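Colleague: 3D, please:
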Amino acid sequence: MELTRADGSPVRVLVVDDEVNIAELLSMALRYEGWDVSMAHTGRQAVSSAAEVRPDAVVLDMMLPDFDGLEVLRRMRATQPDVPVLFLTARDAVEDRVAGLTAGGDDYVTKPFSLEEVVARLRALMRRSGASVATERNVLAVGDLTLDEDSREVFRDGTEVSLTATEFELLRFLMRNPRRVLSKAQILDRVWQYDFGGQANVVELYISYLRKKIDAGREPMIHTMRGAGYVLKPATADATP
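Modeller: Have a look, this model is predicted:
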């Protein structure tokens, strides 16, 4: 199950380590989790990145070339008092671990570490940290449209959209394939579970229902690709260049 922020957007993690290879390895593992990862290699970069990115969690090496992890923690906590911090420490540096936890660090792992352990510790920290941080939910998000697969709630630009069971399944299929043109046959097969054969009007009908609820009075997200099918993509104002 994917760990996301409360609004369905990716968790933001800041990785701070002066060893570039370690930072890149960690970042790759965390991005594989679907998280949005930023890197810093010095204390100053870390403090600057934290202020800009506003991370949901920080992986912080204790030893940095300009000032140590404790000073980074102190400066970050001045503006983000609740951000969870996982320290990376040397295996034999017991005093570093004690100092890190005493200074307000939430947990630590010792080098060399396993990537699985770091991911597991971060997940635990973010789950414990409460409301403003991530919750484990099956949330799909495209532009300003979100769909919660567990609660079956749909919101467009913060406004709840009430859907029937079939409309919900159709929208879920479209949102699981954003920017991808889906043919009527594909939609029939996935949403209605029967083969294409004279039933295209059912798809057209339900697409029109969805448009009235999702797009009415707003920048459209559901588009007809003549002769090909339908595609759902962020409204122009939300689209990333």
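Colleague: check what pLDDT Arg179 gets.
Modeller: What the model reports for Arg179 is a pLDDT of 90.
Colleague: does it touch His223 like I think?
Modeller: No. Contact between Arg179 and His223 fails when scored by C-beta atoms under 8 Å: they sit 10.1 Å apart. All C-beta spots, glycine's among them, are computed from the backbone N, C-alpha and C.
Colleague: the more surrounded of the two?
Modeller: His223 (13 against 10; other C-beta atoms under 10 Å).
Colleague: between Arg179 and His223, what contacts are shared?
Modeller: Here Arg179 and His223 have 231-233 as joint contacts, going by C-beta atoms under 8 Å, 6 or more residues apart in numbering.
Colleague: show me the shaky parts of this protein.
Modeller: 1-2, 6-7, 91-104, 129-137, 193-200, 237-241 (pLDDT under 70).
Colleague: outline the domain layout of it.
Modeller: According to the TED database, the chain comprises the domains 12-129, 139-232.
Colleague: and the last one, end to end?
Modeller: In terms of C-alpha to C-alpha, to the nearest Å, the two terminal residues of domain 139-232 are separated by 16 Å.
Colleague: coming back round to it: among the shared contacts of Arg179 and His223, who's most crowded?
Modeller: Most surrounded of these: other C-beta under 10 Å gives Leu232, at 25 neighbours.
Colleague: residues contacting the residue lying closest to it once chain neighbours are set aside?
Modeller: The spatially closest residue to Leu232, leaving aside those adjacent along the chain, is Leu174, at 4.0 Å (C-beta to C-beta, 6 or more residues apart in numbering). Residues in contact with Leu174 (C-beta under 8 Å, 6+ apart) are 182, 210, 222, 230-232.
Colleague: among those residues, name the ones in helices.
Modeller: Leu210 (DSSP state H).
Colleague: list just the nearest of the contacts of Leu174 to Ala120.
Modeller: Leu232 (34.2 Å; C-beta to C-beta).
Colleague: for the strand or helix carrying Glu52, packing partners?
Modeller: Per DSSP states H and E: Glu52 is located in helix 43-53. Applying 3 or more C-beta pairs under 8 Å, 6 or more residues apart in numbering; DSSP states H and E, one finds that helix 43-53 contacts strand 12-16, strand 36-40, strand 57-61, helix 69-79.
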